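Novice: Prediction below, plus the sequence it came from.
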Amino acid sequence: MGEAVMANLRIVRGDITQIPADAIVNAANPGLLGGGGVDGAIHRAAGPELDVACRRLNGCPTGEAKVTPAFRLPATIIIHTPGPIWRDGSFEEPKLLQSCYVNSLKRAVENGCQTVLFPSISTGVYGYPLALAAPIAVQAIQTFPANLDVRMVCFDDVTYQAYQAQMD
Ligand code: ADP
């Protein structure tokens, strides 16, 4: 009996724009027009060509994921996924957040990627409680059936601790 192949997850601290990988995931907004937080950092680091490529995609619904080249980032592609804005948890936020991770990993596999970096989707400006988002992210990644090397790149210590707690 062979073991089922699942994505391997590690939690790291750092700036997602500085770490080499095949794919980096952007916590985008549905317009794909750039914004603050990690989205702004990715657009600044990738260069103005990214904005041009994003405009051609005509937006992306919450929970889905679309691909552009990574331009000046040390990656091959950027996977843009708009997370849900947290309201009170009764507006399908958990299902949409899980879809962000699953659809992003599908795009990674379709594009032949092995190493994939995620930021903590929705837990910044979009207000998703970290303690509720972390288990959804970890479960979605660890049950994804592909041989991928995935890293959750946490920008601050509180985020790092919340994800690390899910790994113990
Ligand atoms: P959202 O709108 O989905 O909430 P944000 O960008 O506001 O997205 O926040 C998502 C997470 O990304 C937050 O934990 C924030 O601290 C983090 N973040 C911001 N800049 C970076 C970066 N350069 N690398 C990794 N994570 C980052």
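Specialist: Thanks, I have it.

Novice: Quick check: residues of the protein near the ligand?
Specialist: Applying CB under 6 Å from any ligand atom, one finds that the chain approaches the ligand through 15-17, 27, 37-39, 41, 83, 119-126, 153, 155-156, 159. Placement of C-beta: from N, CA and C, glycine included.

Novice: just the buried members of these?
Specialist: Buried subset of those (neighbour count, 16 or more other CB atoms under 10 Å): 16-17, 27, 37-39, 41, 83, 119-124, 126, 153, 155, 159.

Novice: What's the mean pLDDT across stretch 78-85?
Specialist: For stretch 78-85, mean pLDDT is 98.

Novice: how far out from the middle of the chain is the one helix or strand residue 78 maps to?
Specialist: In this assignment (DSSP states H and E), residue 78 forms part of strand 77-82. Strand 77-82 sits 7 Å away from the centroid of its parent chain (CA atoms, centre = their mean, to the nearest Å).

Novice: Adjust the sequence numbering to begin at 35 for everything that follows.
Specialist: That works, and once the first residue is 35, the last one we named lands at strand 111-116.

Novice: my guess is residue 174 contacts residue 138, does it?
Specialist: No. Between residue 174 and residue 138 there is no contact under CB atoms under 8 Å: 9.3 Å.

Novice: Name the residue in the two with the higher neighbour count.
Specialist: residue 138 (27 against 21; other CB atoms under 10 Å).

Novice: doesn't residue 147 make contact with that one?
Specialist: No. Residue 138 is beyond contact range of residue 147, at 10.2 Å (criterion: CB under 8 Å).

Novice: roughly how far is the host helix or strand of residue 58 from the heart of the chain?
Specialist: Using DSSP H and E, residue 58 sits in strand 57-62. In terms of CA atoms, centre = their mean, the gap separating the centre of strand 57-62 from the centre of its chain is 5 Å.

Novice: count of residues packed around the residue nearest to residue 161 when sequence neighbours are not counted?
Specialist: Spatial nearest neighbour of residue 161, chain neighbours left out: residue 120 (4.1 Å); criterion: CB to CB, 6 or more residues apart in numbering. Counted with other CB under 10 Å, residues neighbouring residue 120 total 17.

Novice: name the element residue 120 belongs to?
Specialist: Going by DSSP H and E, residue 120 is not in any helix or strand.

Novice: No further questions, thank you.
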